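Peer 1: My questions are about this predicted structure, shown below with the sequence.
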Amino acid sequence: MSRIGILGGGQLARMLVLAGAPLGLRFLVLDAAEGACAAELAPQLKADYRDEEALARFAGEVDVATFDFENVPADSAEWLATRVPVHPAPRALAVAQDRMAEKTLFSELGIPVPPFAPVDSRRSLDAALAHVGVPAILKTRRFGYDGKGQFRLRSGADADAAWAALGAAQGGLILEGFVPFDREISVVAVRGRDGAFRAWPIGENWHVDGVLSATLAPAVVDAALARRALDHARRVAEAVDYVGVFALELFVRDGEVLANEMAPRVHNSGHWTIEGAETSQFENHLRAVLGLPLGAVDARGWSCMLNWIGAMPTRDAVLAEPGGHWHDYGKTPRVGRKVGHATLRAETPEALAAVLERVGRALAREAQVAPVLARLRS
Ligand code: ATP
Ligand code: MG
Ligand code: MG
């Protein structure tokens, strides 16, 4: 029986543990937080990622290590990789941890990206603005998630405020051109140890205040555009010899796709695959890191994933739907925190729209389902 070590014990680790049980897998979660979300389901080694003694114990107790959290220090991942197989490899992790390295790789691979430039001083912000233009977004190169560590500039007059907000951030900054996108989509894909590559049908994503709110899959997108997006994802994975599941977030603008960022792990926009695909992102990630054959990634009908942020709504209206599925991460409610999600699944787009309308009304979440309904009915 294999034991998988997971660095980070959040809801992604929790869902990996749930997916691993039928495969007969055991887990060990490394996380410094008291009562990490995954720790209800798997043993937790409570320690910091930089704690070498803990890392050595962790390595000694697992057959392979992987991540629920992408900001594990690269040094720790590398140190671990000298003792136990680590997937994805530290190099792939390092690229995805730094927005400059990531965007540079994308452009080297011929994948379109918004204009971007590094910023490491107030003066270089002016130079970057001259290169990128306005409107623009100043972002921390590292550690950003859920839209944190970002400042939007409408004009050069916002430069002082942007620098005051983010200038002190560790690891430097990047200025990106603001993309007035028509849509946001993501490719969630998996690559095996043998190089086998599979991508789930593309999802369309809606964010509120920088946090994912809803995903519709399969996205209603042009076939040629979808092929380009999948091809970009495959090229990125091959370039860094990626093993496991990852997500590539893209903007769609006038029929073109521009890469935003990649997440070197299972991804919130792939949660729909638990019930909405033949094999979930969590199961395929485990299969990939263990070197097992990958499962099929075909969608079963149409799915919409709704994130529960801050607090859980009541679940009855979702459970009353034949294709309604509930996920409560068991987390303490807190403003802005992802505490759970629901996936609604149906055989046709029309049926899914009807389900979303009922659930939106029953939970007073009309605004959350509105953009998905509009897409399904367009
Ligand atoms: P995540 O939680 O997905 O890791 P993050 O904090 O890493 O988020 P991004 O994905 O870069 O941040 O940005 C969050 C959201 O902000 C994007 O999904 C998009 O809606 C918006 N955004 C980011 N960059 C741009 C851009 N250059 N142009 C337009 N909108 C953008
Ligand atoms: Mg991100
Ligand atoms: Mg993102």
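Peer 2: All right, it came through fine. Because the structure is a prediction, the values reported are computed rather than measured. Residues are numbered from 1 along each chain as shown. Ligands and ions are numbered 1, 2, ... in the order given.

Peer 1: drop to CA atoms for contacts and neighbour counts, all remaining ones
Peer 2: Fine.

Peer 1: Which residues of the stretch 101-250 of the chain lie near ligand 1?
Peer 2: Residues of the stretch 101-250 of the chain lying near ligand 1 by C-alpha under 6 Å from any ligand atom: 137, 144-148, 176-180, 207, 210-211.

Peer 1: quick one: which of the residues you listed is most hemmed in?
Peer 2: Glu176 (26 neighbours; other C-alpha atoms under 10 Å).

Peer 1: so where does that one fall, helix or strand?
Peer 2: strand 173-177 (DSSP states H and E).

Peer 1: Mind listing the strands the following helix or strand past that strand pairs with, and their directions?
Peer 2: Next helix or strand after strand 173-177 toward the C-terminus (DSSP H and E): strand 183-191. According to DSSP bridges, strand 183-191 has the following sheet partners: strand 197-199 (antiparallel), strand 203-208 (antiparallel), strand 244-253 (antiparallel).

Peer 1: what are the C-alpha coordinates of strand 183-191, in PDB please?
Peer 2: C-alpha atoms of strand 183-191 as PDB (Å, rounded to 0.1, in the frame of the first residue of the first chain):
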ATOM      1  CA  ARG A 183     -14.400  35.600 -20.700                       C
ATOM      2  CA  GLU A 184     -12.100  33.700 -18.300                       C
ATOM      3  CA  ILE A 185     -11.500  30.000 -19.000                       C
ATOM      4  CA  SER A 186      -9.200  27.400 -17.500                       C
ATOM      5  CA  VAL A 187      -7.700  24.200 -18.800                       C
ATOM      6  CA  VAL A 188      -7.300  21.600 -16.100                       C
ATOM      7  CA  ALA A 189      -5.000  18.900 -17.300                       C
ATOM      8  CA  VAL A 190      -3.000  16.000 -16.100                       C
ATOM      9  CA  ARG A 191       0.400  14.600 -17.200                       C
END
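
Peer 1: neighbours around the residue lying closest to Arg191 once chain neighbours are set aside, how many?
Peer 2: Once flanking residues are discounted, Arg191 sits nearest to Phe197: 4.5 Å by C-alpha to C-alpha, 6 or more residues apart in numbering. By the criterion of other C-alpha under 10 Å, Phe197 has 20 neighbours.

Peer 1: before we move on, the earlier item: show me what the strand holding Glu176 pairs with in its sheet, parallel or antiparallel.
Peer 2: Strand pairing for strand 173-177, using DSSP bridges, gives strand 116-119 (antiparallel), strand 136-140 (antiparallel).

Peer 1: List the contacts of the residue nearest to Arg191.
Peer 2: Shown in contact with Phe197 (C-alpha atoms under 8 Å, 6 or more residues apart in numbering): 189-191, 234.

Peer 1: Closest one of those residues to ligand 1?
Peer 2: Ligand 1 has its nearest neighbour among the contacts of Phe197 in Ala189, at 15.6 Å by C-alpha to the nearest ligand atom.

Peer 1: Go ahead and confirm the closest one touches Gly203.
Peer 2: No. Between Ala189 and Gly203 there is no contact under C-alpha atoms under 8 Å: 11.3 Å.

Peer 1: which one of these two has more residues nearby?
Peer 2: Ala189 (28 against 25).

Peer 1: Not including adjacent chain positions, what is the nearest residue to that one?
Peer 2: Among residues not flanking Ala189 along the chain, Ala199 sits closest, at 4.0 Å (C-alpha to C-alpha, 6+ apart).

Peer 1: want to throw the contacts of Phe197 into CSV with distance to Ala36?
Peer 2: Shown next, in CSV, are the contacts of Phe197 (distance: C-alpha to C-alpha, whole Å):
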residue, distance to Ala36
Ala189, 27
Val190, 26
Arg191, 28
Arg234, 33
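
Peer 1: among those, who's most crowded?
Peer 2: Going by other C-alpha under 10 Å, Val190 tops those with 31 neighbours.

Peer 1: With ligand 1 as the reference, measure out to the closest residue to that one other than its chain neighbours.
Peer 2: Nearest in space to Val190, with sequence neighbours left out and distances taken as C-alpha to C-alpha, 6+ apart, is Val245 at 4.2 Å. For Val245, the distance to ligand 1 (C-alpha to the nearest ligand atom, to the nearest Å) stands at 15 Å.

Peer 1: Make 52 the first number, not 1, from now on.
Peer 2: Sounds good: first residue 52 from here, last item Val296.

Peer 1: Pull the number of nearby residues for Val296.
Peer 2: 31.

Peer 1: Just list the residues touching it, thanks.
Peer 2: For Val296, the contacting residues are 239-242, 315-317, 332-333, 335-336, 339, by C-alpha under 8 Å, 6+ apart.
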